[in-house]
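Asks: Pasting a predicted model and its sequence here:
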Amino acid sequence: MTATLEILAMILGFIGLFGTILVTALPMWRVSAFIGANLIVMEELWEGLWMTCYNQENFRMQCKEYDSVLILPTELQAARGLMCVSIVLVALSLSITGCGSRKCNCCGDDTKSKNITLALGGCLFLLSFLTTLIPVSLVGHTVIRKFYNPTTLDSQKRELGDALFIGWATSGILLITGIIVLFSYSKRRSMEEESYPEAYAVAAREGEKEQSVYLQRTLSSSYKHQVYL
């Protein structure tokens, strides 16, 4: 059961890693809103963490990287940093969880070390869930707030891009992965604790056997000594 959960967690972890990389790279965090005067403008604007893309009718899409990080709005600057942290955390989580799995020989037969490694991997998955959810939700909240702000011009209003929805889905996958890993850790701990009384009982029985053999040998030697006398 625990081996199946660990394999499932690794699969979901790889999906989460691919999702965080995809969300970070996609230039579709904010897209132009076709409302008001923008209805007759046949130009679509995509804004991402690294570049902006313009798509005009009968023309190819043109993308341009930002000249400086300071050009970005505050929420996109924070999102860029947090998403890079998320990629590193998910990669670390996968490596640590793999070392703590039963199929890996990283820690040898040391069950306690493997359990601690598995718990650390689960905690890192939960941390990567937060570092993915926060920037996506922050940008989404800012887009919605400015969209319904009556003082914002129609040309400056944006809609939620596809990258935000992929980011929310990815954060959910990372949350599920962390829960599965920690649940597997708790199952292994309970199995380990149940094995302790059995091992203690076996050791006690072995000790009793050795003590009885020692007593028999002692009595036999004393009897022989008396006969000799």
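Replies: Yep, that arrived.
Asks: pLDDT below threshold where in the chain?
Replies: 1-2, 35-42, 57-59, 102-110, 154, 191-229 (pLDDT under 70).
Asks: Please, which helix or strand holds Gly178?
Replies: Element membership for Gly178, per DSSP states H and E: helix 162-228.
Asks: Could you pull up phi and psi at the residue nearest the centre of the chain?
Replies: Nearest to the mean C-alpha position of the chain, counting by CA atoms, centre = their mean, stands Phe125 at 2.5 Å. Main-chain torsions, Phe125, degrees, to the nearest 10: phi -60, psi -40.
Asks: Let me see the contact set for the nearest residue to it once chain neighbours are set aside.
Replies: Nearest non-adjacent residue to Phe125, counting by CB to CB, 6 or more residues apart in numbering: Gly178, 3.4 Å away. C-beta: built from backbone N, CA, C; applies to glycine. By CB atoms under 8 Å, 6 or more residues apart in numbering, Gly178 lies in contact with Ser93, Gly122, Cys123, Leu124, Phe125, Leu126, Ser128, Phe129.
Asks: any idea how far the first one lies from Ser155?
Replies: This means Ser93. 42 Å (CB to CB, to the nearest Å).
Asks: So those two - more neighbours on which side?
Replies: The neighbour comparison of Ser93 against Ser155 (other CB atoms under 10 Å) goes to Ser93, with 28 against 13.
Asks: looking at this, the more buried one is in a helix?
Replies: Yes: under DSSP: H, G, I helix; E, B strand; the rest coil, Ser93 falls within a helix.
Asks: wait, doesn't it sit right on Thr131?
Replies: No: with contact defined as CB atoms under 8 Å, Ser93 does not count as touching Thr131 (11.2 Å).
Asks: re the thing from before, what's the residue nearest to the centre of the chain in contact with, if anything?
Replies: Gly13, Gly16, Val90, Ser93, Thr97, Leu174, Leu175, Thr177, Gly178, Val181.
Asks: Let me have those in a markdown table, extended by distance to Met28.
Replies: Formatted as a markdown table, these follow (distance: CB to CB, whole Å):
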| residue | distance to Met28 |
| --- | --- |
| Gly13 | 24 |
| Gly16 | 19 |
| Val90 | 21 |
| Ser93 | 26 |
| Thr97 | 30 |
| Leu174 | 20 |
| Leu175 | 23 |
| Thr177 | 25 |
| Gly178 | 27 |
| Val181 | 31 |
